[in-house]
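S.K.: structure of the sequence below:
(2 chains)
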Amino acid sequence: MGEKLLCCEVDSIRRAYQDANLLNDRVLLTMLKAEEHYLPSPNYFKCVQKELVPKMRKIAATWMLEVCEEQKCEEEVFPLAMNYLDRFLSVEATSKTRLQLLGATCMFLASKMKETVPLSVEKLCIYTDNSVHPGELLQMELLVLSKLKWDLASVMPHDFIEHFLSKLRIFPSTKHILRKHAQTFVALCATDVNFIASPPSMVAAGSVVAAVQGLYLKSLDASFSSQNLTNLLSQVIGSDPDCLRACQEQIESLLESSLQQVQHHNNTKEPKCVASDADLSCTPTDVRDINI
Amino acid sequence: MSDVRLSNGSPTLERTDPRVPDHPKPSACRNLFGSVDHEKLKRDFKRHMQEMEKDASAKWGFDFANDTPLPNSRFDWELVDCKDVPNFYCAQTRREKGVCPAGNNNVDLNGNHNCVVAPCEDGDRSDGQMECTEQCPGQRKRPACHDPSAQNKRSHTSTDEVICPSLSQSAEHTPRKKSPKRQT
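M.R.: Modelled structure (predicted):
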């Protein structure tokens, strides 16, 4: 059975090959048009929610990221789950005690959308310390689906990253590392309330620029100077270069603050997004990236 | 809670997923915001399900709880033998009837995507039927039945070898437009 095989081969999860035919401008334009449709409402904490505050979203997001990482989910799963969560919260007032159920359900859905072997209900319930029952999670799934109008095909920053990378002339190995770093930034953004309303294309472009900066790729080629890259990508996404620059800076400062937090917790807890100790500010390296 | 409907592709409750061999780390297993009021949650779910069912009934002109068409439905519902419909629909029937006999049958929306026919909803009831057949030629439901390759793929994902077990012998309601124009 294929499934059995997959289970043993944790190191090499099977994925579909990248389809180069999809990396063209027509697709990119369609994605740019479609992305707004999947944006959560930027002020749902004020307008919809009565009990929830941004801090609770952060707590839930941190937990969700931890679960996704521990379960070695595909990179897209966590940001996609957060997109579902935000979209649900944009339309449905939810009590604090049900936020974790919602988070687990969103991971369940995102995992089914993106993975060959999705997370199981039971496992997700264990992660809630069994405060949620499997049956409740399945009921919640139906509720989330109906509130999202069954439209789970959100356009995500990851989709844009591939397009951006295809426009850069770099070695495959460099591309790989760059992708990993950019994806880590995207995950980081998904945990932060300030990015709820940012279009995925903007988050993706900001992440790529920040990753190029962090990896010192500008020394390779003049086209990787912050200026040139920002101009290129802002043109690609049809945005103002200043907007993109602001987004990139926001991402970098978010990284810095979360690195500081991680350092605080370093002794007690396993770090979530860790830079190699050497130089924090300019090496946004995730430990997961290094061994690849 | 046995009265839960499994969605398409949901792992069953029995399945223990061996994708990652190690057990969840205790540190990640935590209750974030205090205990859930399970009774209240159950009540709220029930309310939501009823709402969804009501919406679905209105949309399809069908009483899903009792498996009967509503009077004055925009659709003509006729009984079709399960053997005549693609496996995909049999499989759905089997699972839904088998796992959760309760009357929340909204997953018809899941398989058939209410959104596909949504434009018709705007039409007036009296003359809406004509509009529908004209406006929605690409209604996914029936073309999908005639496309064996498409439905084969789908049925693979939900049921493996088990096709049309005993339950699926039961006849199933299939909606047909009142106007016979486009029927083959």
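S.K.: count the neighbours of the residue in the stretch 1-150 of chain A that chain B sits nearest to for me.
M.R.: Nearest to chain B in the stretch 1-150 of chain A, going by C-beta to the nearest C-beta, is residue A:135, at a distance of 2.7 Å. No exception for glycine: its C-beta is placed from N, CA and C like everyone else's. Neighbour count for residue A:135, taken as other C-beta atoms under 10 Å in any protein chain shown: 18.
S.K.: so it: helix, strand or coil?
M.R.: helix (DSSP: H, G, I helix; E, B strand; the rest coil).
S.K.: where's it relative to residue B:59, distance?
M.R.: 26 Å (C-beta to C-beta, to the nearest Å).
S.K.: and what of residue B:43?
M.R.: 25 Å.
S.K.: cool, residue A:156 as well?
M.R.: Applying C-beta to C-beta to residue A:156 and residue B:59 gives a distance of 30 Å.
S.K.: between the two, which one's more packed in?
M.R.: Neighbour count, other C-beta under 10 Å: between residue A:156 and residue B:59, residue A:156 has more, with 24 against 16.
S.K.: verify the stated contact: the more buried one with residue A:79.
M.R.: Yes. Look at residue A:156 against residue A:79 with C-beta atoms under 8 Å: they come within range, at 5.7 Å.
S.K.: in contact with residue A:109, which residues?
M.R.: Going by C-beta atoms under 8 Å, 6 or more residues apart in numbering or on different chains, residue A:109 touches A:81, A:84, A:141, A:144-145, A:152.
S.K.: most neighbours out of those, which is it?
M.R.: residue A:81 (30 neighbours).
S.K.: pLDDT value on that residue, please?
M.R.: In this model, residue A:81 is scored at 97, pLDDT.
S.K.: do the same with the one 4 residues further on
M.R.: Looking at residue A:85, its pLDDT is 97.
S.K.: what about the residue lying closest to it once chain neighbours are set aside, neighbour count?
M.R.: In space, and not counting its chain neighbours, residue A:85 is closest to residue A:106: 4.6 Å by C-beta to C-beta, 6 or more residues apart in numbering or on different chains. For residue A:106, the count of nearby residues is 28 (other C-beta under 10 Å).
S.K.: doesn't residue A:144 make contact with residue A:106?
M.R.: Yes. Assessed by C-beta under 8 Å, residue A:106 is found in contact with residue A:144 at 6.7 Å.
S.K.: between these two, which contacts overlap?
M.R.: With C-beta under 8 Å, 6+ apart as the test, residue A:106 and residue A:144 both reach A:84, A:88.
S.K.: let me see the ranges of the helices in chain A.
M.R.: Taking DSSP state H to define them, one finds helices in chain A at A:2-8, A:25-34, A:44-47, A:54-70, A:77-91, A:99-114, A:121-127, A:134-147, A:157-166, A:172-191, A:200-214, A:226-236, A:241-265, A:287-290.
S.K.: buried residues of the fifth one, list them for me.
M.R.: What that stands for is helix A:77-91. A:77-90 (16 or more other C-beta atoms under 10 Å in any protein chain shown).
S.K.: what of the third one?
M.R.: Neighbour-count burial for helix A:44-47, counted by 16+ other C-beta under 10 Å, picks out A:44-45.
S.K.: for the second one, same thing?
M.R.: Residues of helix A:25-34 classed as buried by neighbour count (16+ other C-beta under 10 Å): A:28, A:31-32.
S.K.: for stretch B:60-73, same thing?
M.R.: Going by neighbour count (16+ other C-beta under 10 Å), the buried part of stretch B:60-73 is B:60-64, B:69-70, B:73.
S.K.: what is the lowest-pLDDT residue among the residues you listed?
M.R.: Per-residue pLDDT puts residue B:73 lowest of the buried residues of stretch B:60-73, at 82.
S.K.: got a list of what that one touches?
M.R.: Here residue B:73 is in contact with B:60-62 (criterion: C-beta under 8 Å, 6+ apart).
S.K.: which one of those residues sits closest to chain A?
M.R.: Proximity of those to chain A (C-beta to the nearest C-beta) peaks at residue B:60, which lies at 14.9 Å.
S.K.: the closest one contacts residue B:75, correct?
M.R.: Yes. Contact status for residue B:60 versus residue B:75: in contact at 6.8 Å, counting by C-beta under 8 Å.
S.K.: hang on, residue A:179 packs against residue A:161?
M.R.: Yes. Taking C-beta under 8 Å as the definition, residue A:179 is a contact partner of residue A:161 at 6.2 Å.
S.K.: so which of the two has more stuff around it?
M.R.: Using other C-beta under 10 Å, the more surrounded residue of residue A:179 and residue A:161 is residue A:161, with 25 against 20.
S.K.: distance of the more buried one from residue A:128?
M.R.: For residue A:161, the distance to residue A:128 (C-beta to C-beta) stands at 31 Å.
S.K.: burial of residue A:258, as a residue count?
M.R.: Using other C-beta under 10 Å as the criterion, residue A:258 is surrounded by 17 other residues.
S.K.: what do you get for the one 5 residues further on?
M.R.: The number of residues packed near residue A:263 is 14, by other C-beta under 10 Å.
S.K.: what of residue A:49?
M.R.: Around residue A:49 there are 21 residues (other C-beta under 10 Å).
S.K.: ok, for it, nearest residue in space, not its chain neighbours?
M.R.: residue A:93 (5.7 Å).
S.K.: tell me who's in contact with the spatially closest residue to residue A:59 that is not a sequence neighbour.
M.R.: Excluding its sequence neighbours, the residue lying closest to residue A:59 (C-beta to C-beta, 6+ apart) is residue B:32, at 5.6 Å. Applying C-beta under 8 Å, 6+ apart to residue B:32 gives the contacts A:59-60, A:63, A:99-100, A:128.
S.K.: also residue A:210?
M.R.: Contacts of residue A:210 by C-beta under 8 Å, 6+ apart are A:181-182, A:185, A:248, A:251-252, A:255, A:284.
S.K.: just the buried ones from those residues?
M.R.: Buried, going by 16+ other C-beta under 10 Å: A:181-182, A:185, A:248, A:251-252, A:255, A:284, out of these.
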